[in-house]
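K.L.:
Starting from these lines, generate the structure:
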Amino acid sequence: MGIPICSYPAYFHERTKNKTRVVIGGSHGKTTITSMIVHVLRHAGVEFDYLVGAQLDGFDCMVKFSDTSKVAIIEGDEYLASALEPVPKFHLYKPDIALISGIAWDHINVFKTFASYVEQFKLFIDAIEPGGKLVYCQEDAEVRALSEAKDVTVDRVAYGIPEHRIENGSTVLITANGEVPLEVFGKHNLQNLEGARHVCHLLGIGNAVFYAAIASFHGAAKRLEKLAETTDRVVYKDFAHSPSKLKATVEAVREQFPDRQLVACMELHTYSSLSENFLDQYAGCMDAADRAIVFYDPHAVQLKRLPPIPPERIQRAFARDLEVYSDPISIMGGVRKDQKERSVLLMMSSGNFGGMDLQAMSEAFIA
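P.N.:
Model prediction:
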C-alpha cells in the first residue's frame, strides 16, 4: 500500500530532525536525568518535545510532539528498536547533544559479552551530529575511556559529583548561588543532577534558574519513591534491578541513613538477573545493607524458559548472608524479622514482587 513502516525511535527522529535533539544514554540514570531536564525546562517556560520512560507529576503522557518547539529531549535506551530494526534505539536519534551517565553490562540476551555492550555506546558517540556536544560522567571509568578517546572529535563536557552535605537525612547542594536543599539523594542522583545541569546550560538555562527548579524535583516514578514514613522508619521502592543499579541504590540509602538498620529486598525479575551465567555479577552489590533479601517468582522463571535457580546458588552469587524467598506472602514477615526501632526498608525491582501489595507491606513495616 506504499505506507512506510519504521520503529518508533526512527519515527521520533523523523519528527524532530529539524530540532535540537538531546539524547540521554547510559546503563543507569538516563530516566532520572531526562526527567530532571524536562522538569527544569518546564519550570523555565521552554517549549519542547520529549520522550521519557517513566511517569512524572504534572505530565499526562510521557511523549509529546509540537510543531512550534525547537528542542527535543529523549531518553536513549540501548535496547533494540524493533524486530524489523534490530539496533539499539539510541543509535537512531542522532543527537546534537548527547549524555552518557554510566556503563554496566546489561541485556545479556542481546549483548552476549561486555565488550559488545560497550561497543554500542561508542557507536552512540559516533552518531552525534557534526558540531554536537558530548556530556559525560567522568566518575565512570568505561564512560571516561570512551569519551576521552582520541578519535572523539565533538566538544566534550565532563561532570562528576557536585559539592554537597547531608543533614538530618536530607541532602543540600553547596553552590555559588547559595545552598539548595534537594528532594532526592544519593551519589548517582547527584551525578545525574550535575549532568542535567550541564545539558540545561547548553540549552541556554542559567544556574540560578536550574537550581530554583531542581529543588522541587522529587524523582521519576519508581525511582527511590517513598511509600511510607514515620519519625524512625521509612520505606522506599526503586526500579533498581541490575547489579550496578542495585549497588548504587543500596549505598545511597546507607549514606543517607547511616544510623538506621537498612533492610534491602530485591527481586530477580529480568532475563539477565534470572540467568545462571549472569548471577555472579551481583557479588557485593548489597553489602551496604544490614539485612539482604532476594525474591524470585518461579512463574517468571518458567515464562522466560530458564532453568530453576536453587536458593543456595543465589546466596553464593551475592557473596554475603542472604535470605531467599519465592513466595510473596513470606516477604511480608521476612522484612520485619529482627526489625530495629530505627530502620529503613528498600524494595527494589523492575517487576511487582509476585503481585504483592507494597503499600500494605510498607504500612506494616512502619507500624
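K.L.:
what separates residue 25 from residue 100, distance-wise?
P.N.:
According to CB to CB, to the nearest Å, residue 25 and residue 100 sit 5 Å apart. Placement of C-beta: from N, CA and C, glycine included.
K.L.:
Which SSE is immediately downstream of the lowest-mean-pLDDT helix or strand in the chain?
P.N.:
Every helix and strand of the chain was ranked by mean pLDDT, DSSP states H and E. The lowest is helix 298-303, at a mean of 81. Next in sequence after helix 298-303, counting helices and strands by DSSP states H and E, comes helix 311-318.
K.L.:
buried stuff in the longest helix belonging to the chain?
P.N.:
Of all the segments assigned as helix in the chain under DSSP state H, the longest by residue count is helix 187-202. By neighbour count on 16 or more other CB atoms under 10 Å, the buried set for helix 187-202 is 188-200, 202.
K.L.:
Please apply the same query to stretch 72-88.
P.N.:
72-78, 80-81, 85, 87-88.
K.L.:
likewise stretch 213-222?
P.N.:
213-214, 217, 219-220, 222.
K.L.:
Same question for stretch 152-164.
P.N.:
152, 154, 157-159, 164.
K.L.:
do stretch 293-301 as well
P.N.:
293-297, 300-301.
K.L.:
List just the nearest of those residues to residue 8.
P.N.:
residue 300 (26.2 Å; CB to CB).
K.L.:
Could you find the closest non-adjacent residue to that closest one?
P.N.:
Nearest residue to residue 300 in three dimensions, chain neighbours excluded: residue 269, at 6.1 Å (CB to CB, 6 or more residues apart in numbering).
K.L.:
Residue 77 now?
P.N.:
Per CB to CB, 6+ apart, closest to residue 77 is residue 89, 4.6 Å.
K.L.:
which residues sit in contact with that neighbour?
P.N.:
Contact analysis of residue 89 by CB atoms under 8 Å, 6 or more residues apart in numbering lists 7, 9, 76-81.
K.L.:
So if I had to pick from residue 25 and residue 100, which one is more boxed in?
P.N.:
residue 25 (31 against 28; other CB atoms under 10 Å).
K.L.:
and the residue nearest to that one when sequence neighbours are not counted, what does it touch?
P.N.:
Residue nearest to residue 25 in three dimensions, not counting chain neighbours: residue 76, with 4.1 Å by CB to CB, 6+ apart. With contacts taken as CB under 8 Å, 6+ apart, residue 76 has the following neighbours: 23-25, 30, 89-90, 93, 95, 98, 124.
K.L.:
could the residues you listed be laid out in JSON lines, adding pLDDT?
P.N.:
Below are these laid out as JSON lines (pLDDT from 0 to 100):
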{"residue": "23", "pLDDT": "98"}
{"residue": "24", "pLDDT": "98"}
{"residue": "25", "pLDDT": "96"}
{"residue": "30", "pLDDT": "91"}
{"residue": "89", "pLDDT": "94"}
{"residue": "90", "pLDDT": "95"}
{"residue": "93", "pLDDT": "96"}
{"residue": "95", "pLDDT": "97"}
{"residue": "98", "pLDDT": "98"}
{"residue": "124", "pLDDT": "97"}
